[in-house]
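**Student:** Provided below for reference: sequence and predicted model.
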Amino acid sequence: MKLLEYLYEKRYHKPAPYYYKYSLLTIIAKPIRKFIAQVLAPNCPFNNIRILLYRICGFKIGKNTFIGMHCYLDDRHYDLLKIGNNCIVSYGVYFACHGPRQGHFPIVIEDGVYIGMAARVILGKSENHEGLDITIGKNAYIGACTLVNKNIPAGAVAVGVPCRVIRIETEESNS
């Protein structure tokens, strides 16, 4: 790949793009991982196999977690997405760790979180927000079709586009 990088710089008289620095193994592995994460896993009817395929691609997914069919997990930044134990991610949920002019930020889903069907986009924050990640706190509930674009505290119920917290359930209120 060094030869291609050298030839590019010689011909165009400017530095080669970042992908000229990829190894041959990376160039081969990226489309395979993309195929597994975006074609095989989302369409697999068996949750255990679906989770296994996501883990093979490098996603950090906890134990006893359910991820519904037709979910999009950001395969470009598989290392920035972490889903905790005992979570339920319903069908058709999208996780995006990056966007135009946003940078690349982590998304952390803590233990016991429920995310409703078709929560279409969960975005990493842009640089003008405080903090550089999205965290959905322990035992939080995210309603169907909700757009999560900020941190959700533990035990919260959040709904809407963009999301707003409508209730926070504490340990005392559950007893």
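**Tutor:** Good, I have the coordinates.
**Student:** ranges for the helices of this structure?
**Tutor:** 2-12, 24-35, 41-43, 47-56, 171-174 (DSSP state H).
**Student:** which parts of the second one are buried?
**Tutor:** The reference is to helix 24-35. Neighbour-count burial for helix 24-35 flags R33 (criterion: 16 or more other C-beta atoms under 10 Å). For every residue, glycine as well, the C-beta is placed using N, CA and C.
**Student:** what's the angle from that helix to helix 47-56?
**Tutor:** For helix 24-35 against helix 47-56, the angle by axes from the mean of the first three to the mean of the last three C-alpha atoms, to 10 degrees is 150 degrees.
**Student:** right, so the helices of the chain: which one is the most enclosed?
**Tutor:** Neighbour counts (mean count of other C-beta atoms under 10 Å) averaged over each of the helices of the chain peak at helix 41-43, with a mean of 18.
**Student:** packing partners for that helix?
**Tutor:** Here helix 41-43 touches helix 47-56, going by 3 or more C-beta pairs under 8 Å, 6 or more residues apart in numbering; DSSP states H and E.
**Student:** what's the helix it packs on in contact with?
**Tutor:** 36-37, 40-42, 44, 61, 65-67, 69, 73 (C-beta atoms under 8 Å, 6 or more residues apart in numbering).
**Student:** before we move on, back to that, need the helices of the chain in JSON lines with distance to C163 and mean pLDDT, can you?
**Tutor:** Converted to JSON lines, the helices of the chain look like this (distance: least, C-beta to C-beta, whole Å; pLDDT from 0 to 100):
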{"stretch": "helix 2-12", "distance to C163": "44", "mean pLDDT": "90"}
{"stretch": "helix 24-35", "distance to C163": "29", "mean pLDDT": "91"}
{"stretch": "helix 41-43", "distance to C163": "23", "mean pLDDT": "96"}
{"stretch": "helix 47-56", "distance to C163": "24", "mean pLDDT": "96"}
{"stretch": "helix 171-174", "distance to C163": "21", "mean pLDDT": "56"}
